[in-house]
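> The amino acid sequence is not available; the structure is as follows:
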């Protein structure tokens, strides 16, 4: 495996765990909203936003997963381009995750 610094690997796993937790919370919110209110003109925008949040989170998770896997299979070292992609993906995922969490919390506040 092309060796990445331990803090980078740990950060990726923390991000992935946060994504999983956010996916769980998003899905639970979507379920509760749909069960309580149904799919109405009032809830449809939020239900669609919850679907968008889940899709973005899944996409970011798989991107990190695939990059980490490719780097793990690189020998003897990962290419500079692959490492640049990884670090950009980490930054992008962290920003996107913060935005997703904020959107989710807003929807939860609006419907509680």
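Perfect, I can see it now. All values reported here derive from a predicted model rather than from experimental measurement.
> Check the offset of the helix or strand where residue 57 lies from the chain's centre.
Of the helices and strands defined by DSSP states H and E, residue 57 is found in helix 44-72. How far helix 44-72 lies from its chain's middle: 5 Å, per CA atoms, centre = their mean, to the nearest Å.
> ok, now stretch 11-27?
Shown here is stretch 11-27, whose average C-alpha point lies 6 Å from the average C-alpha point of the whole chain (CA atoms, centre = their mean).
> quick one: contacts of it?
The set of residues that contact stretch 11-27 without belonging to it, under CB atoms under 8 Å, 6 or more residues apart in numbering, is 50, 53-54, 57-58, 60-61, 64-65, 68, 90, 93-94, 97, 100-101, 104. The way it works is simple: take the backbone N, C-alpha and C, and place the C-beta from them, glycine included.
> With stretch 65-76 instead?
Residues from elsewhere that reach stretch 65-76, judged by CB under 8 Å, 6+ apart: 1-2, 4, 9, 12, 16, 78, 82-83, 85-86, 89.
> now the residues you listed: which count as buried?
With neighbours counted by 16 or more other CB atoms under 10 Å, those contain buried members at 4, 12, 16, 78, 83, 85-86, 89.
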